[in-house]
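Student: Make a model of this:
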Amino acid sequence: METGELSLDALRREATHCTACELYESATQTVFGEGPPTAWLMLVGEQPGDKEDVAGRPFVGPAGRVLDTALERAGIDRAEAYLTSAVKHFRFEQRGNRRLHKTPGVTHIRACRPWLDGELRAVRPAVLATLGAVAGKALLGPGFRISRVRGEVLEWEGRSLVPTVHPSAILRGPPETRDEALDALVSDLRVVAGLRR
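Tutor: From the prediction side, this is the model:
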């Protein structure tokens, strides 16, 4: 699939018909990115969760609420950022009535890469933040390890990139460590905020 110099609206329309991997078969819909087409910051998550899959919008579930809190505390207005995911369909495992998150594989990341590349070309953000290991690997390659570079400013294709954890990791952690984990995410996002031009 060739995304060329398509506008965000055109990319969004095209992505709704994506069948590049099998995830489209069980997902409710494609969850494309959203935000201003001139955003200085692009936040790249891993994949939509259950709530995002149903709503068709990124970061609207519990992890999105954690992200909103962290962004606010870091001094970043969500409305000035473009939010997207490396993988545009929800990969899950059905357990009774619940759909449990399942980590996307390399084939899913590769299948969705043209959409992410199209978003990057259309928005041209000066700064990127990857949220979680899948997003980091999507842009930085399979050797990416979040534990090695978390919160550091890296150079990626002429842009500044700051890797951090996905907000869902905070929710999956023990309740007694969540405040500390949120503080660490806020600290990483303050690094991001410091790169605003």
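Student: most centrally placed residue in the protein?
Tutor: Gly45 (1.5 Å; Cα atoms, centre = their mean).
Student: That residue and Leu128, how far apart?
Tutor: Gly45 sits 12 Å away from Leu128, going by Cβ to Cβ, to the nearest Å. (C-beta placed from N, C-alpha, C; glycine too.)
Student: Buried residues, the worst-scoring helix or strand of the chain on mean pLDDT. List them.
Tutor: Least confident helix or strand, the chain: strand 98-101 with a mean of 86, by mean pLDDT, DSSP states H and E. For strand 98-101, the neighbour count (16 or more other Cβ atoms under 10 Å) marks 99, 101 as buried.
Student: Please enumerate residues in contact with that strand?
Tutor: 47, 49-50, 53, 90-94, 168 (Cβ atoms under 8 Å, 6 or more residues apart in numbering).
Student: repeat for stretch 182-197
Tutor: With Cβ under 8 Å, 6+ apart, stretch 182-197 has contacts from 40-41, 66, 69-71, 73-76, 126-127, 129, 150-153, 160, 162, 164-165, 167, 170.
Student: Quick check: nearest residue in space to Glu80, chain neighbours excluded?
Tutor: Ala39 (6.2 Å; Cβ to Cβ, 6 or more residues apart in numbering).
Student: Do you know the pLDDT at that neighbour?
Tutor: Per-residue pLDDT puts Ala39 at 97.
Student: Quick check: most distant residue from the centroid of this protein.
Tutor: Gly96 (27.4 Å).
Student: how far away is that one from Val54?
Tutor: Distance from Gly96 to Val54, by Cβ to Cβ: 17 Å.
Student: show me where the protein has strands.
Tutor: Secondary structure of the chain by DSSP state E: the strands cover 41-45, 81-85, 92-95, 98-101, 127-131, 154-156, 159-164.
Student: Return the member of those strands having the minimum mean pLDDT.
Tutor: strand 98-101 (a mean of 86).
Student: mind listing what that strand pairs with, with the direction of each?
Tutor: Strand 98-101 has its sheet partners listed here by DSSP bridges as strand 92-95 (antiparallel).
Student: Any chance you could list what contacts the strand it pairs with?
Tutor: By Cβ under 8 Å, 6+ apart, strand 92-95 touches 26, 50, 53, 99-102.
Student: so what does the longest helix anywhere in the chain touch, helix or strand wise?
Tutor: In the chain, taking DSSP state H as the definition, the longest helix is helix 106-123. With contacts taken as 3 or more Cβ pairs under 8 Å, 6 or more residues apart in numbering; DSSP states H and E, helix 106-123 sits against helix 8-15, strand 41-45, strand 81-85, helix 133-140.
Student: Among the ones you listed, show me which one is buried the most.
Tutor: Of all these, strand 41-45 has the most neighbours on average by mean count of other Cβ atoms under 10 Å, namely a mean of 27.
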